[in-house]
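> Need the 3D shape of this:
(one chain, ligands or ions: 1)
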Amino acid sequence: MSDTTLRLTLEQLQCERDDRVLFRDVSLTARAGEIWQITGANGAGKTTLLRILVGLHGFYEGQCQWWNDNWRSELLYLGHQPGVREELTPLENLRFTCALGAQSGDPMAALAAVGLRGFEDVPAAHLSAGQKRRVALARLWLERKSVWVLDEPYTAIDQDGVAQLDEQIQQAADAGSLVLYTSHHQVGDGVRRLHLAKGRAEVLA
Ligand SMILES: Nc1ncnc2c1ncn2[C@@H]1O[C@H](COP(=O)(O)OP(=O)(O)OP(=O)(O)O)[C@@H](O)[C@H]1O
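Numbers count the residues shown, from 1 in each chain. Prediction:
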């Protein structure tokens, strides 16, 4: 019988860009219910690593393996940029996500959850950087996915937003999701950490 338990396995993962080794020997197993924080200096390769995990960067050596072939349907990926269409309103942005089939759920409720009640119909181009990030983060309040890969989700978020995001990530993990994120901010106790530095990778879990 095949093992259907959610997990990500990296074995001897190595990536070079422009003849520079970003990281080598990244080996770990991340499982359902865990939160992994990926840290490192600017340019250490954090975004590149996340892009490898979600299949957007294919130039690497070693193994990057999800638990089954349908992992993409369970993935919620938020990239380094908010990925918000500026000509659309927050509500239209979330409806667009839902219409693409990426997620289902209640866009109005999700926007209210991230403090954007009253801004649903304002063109995203007229929002602040933090508000745009909140539009992107609202996807975390739509249908729950079991794998979250979040690139710098705390960028531009105020103190209350940070606390709220901590809680949402913790709740997702408690409910059995696997969360991997880049940030210098630690969500809470028990978070596992992968640190990238000068071509080396260290698991500090
Ligand atoms: N499009 C690209 N083409 C070529 N090299 C790139 C490209 N994007 C990034 N790199 C290289 O990869 C390195 C790692 O970039 P990456 O964005 O993964 O780092 P990071 O750790 O996420 O940095 P930051 O903390 O500044 O966001 C960069 O220093 C750069 O040399």
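> can you give me the strands for the chain?
7-17, 20-31, 35-40, 61-66, 75-78, 147-151, 178-182, 192-197, 200-203 (DSSP state E).
> out of those, nearest to residue 131?
With CB to CB as the measure, strand 75-78 is the member of these nearest residue 131 (15.3 Å). The way it works is simple: take the backbone N, C-alpha and C, and place the C-beta from them, glycine included.
> just checking, residue 54 touches residue 75?
Yes. Look at residue 54 against residue 75 with CB atoms under 8 Å: they come within range, at 6.4 Å.
> Residue 5 against residue 31, yeah?
Yes. Between residue 5 and residue 31 there is a contact at 7.3 Å, judged by CB under 8 Å.
> ok, the closest residue to residue 92 other than its chain neighbours to residue 123 distance?
Among residues not flanking residue 92 along the chain, residue 85 sits closest, at 7.7 Å (CB to CB, 6 or more residues apart in numbering). Counting by CB to CB, to the nearest Å, the gap from residue 85 to residue 123 is 10 Å.
> With residue 48 instead?
32 Å.
> How about residue 198?
Residue 198 is 43 Å from residue 123, by CB to CB.
> what do you get for residue 84?
Residue 84 is 11 Å from residue 123, by CB to CB.
> More neighbours: the two, which one.
When residue 84 is set against residue 123 and neighbours are counted by other CB atoms under 10 Å, the residue ahead is residue 84, at 20 against 13.
> so how far is residue 16 from that one?
32 Å.
> tell me the contacts of the nearest residue to residue 80 once chain neighbours are set aside?
Closest residue to residue 80 apart from its sequence neighbours, by CB to CB, 6+ apart: residue 151 at 4.5 Å. By CB atoms under 8 Å, 6 or more residues apart in numbering, the contact set of residue 151 is 46, 47, 50, 78, 79, 80, 181, 182.
> could you redo the last one with a cut-off of 7 Å?
Taking CB atoms under 7 Å, 6 or more residues apart in numbering, we find residue 151 in contact with 47, 50, 78, 79, 80, 182.
> Look up how far the ligand lies from residue 157.
Distance, residue 157 to the ligand, using CB to the nearest ligand atom, to the nearest Å: 16 Å.
> Same check on residue 64?
Residue 64 is 15 Å from the ligand, by CB to the nearest ligand atom.
> again with residue 57
9 Å.
> One more: residue 161?
20 Å.
> Might you list the low-confidence residue ranges for this structure?
For the chain, residues meeting the criterion pLDDT under 70 lie at 1-3, 205.
> Look up the closest residue to the residue nearest in space to the middle of the chain, ignoring the ones flanking it.
In the chain, the centroid-proximal residue (CA atoms, centre = their mean) is residue 150; its distance is 1.4 Å. Excluding the flanking residues, the one nearest residue 150 by CB to CB, 6+ apart is residue 181, at 4.0 Å.
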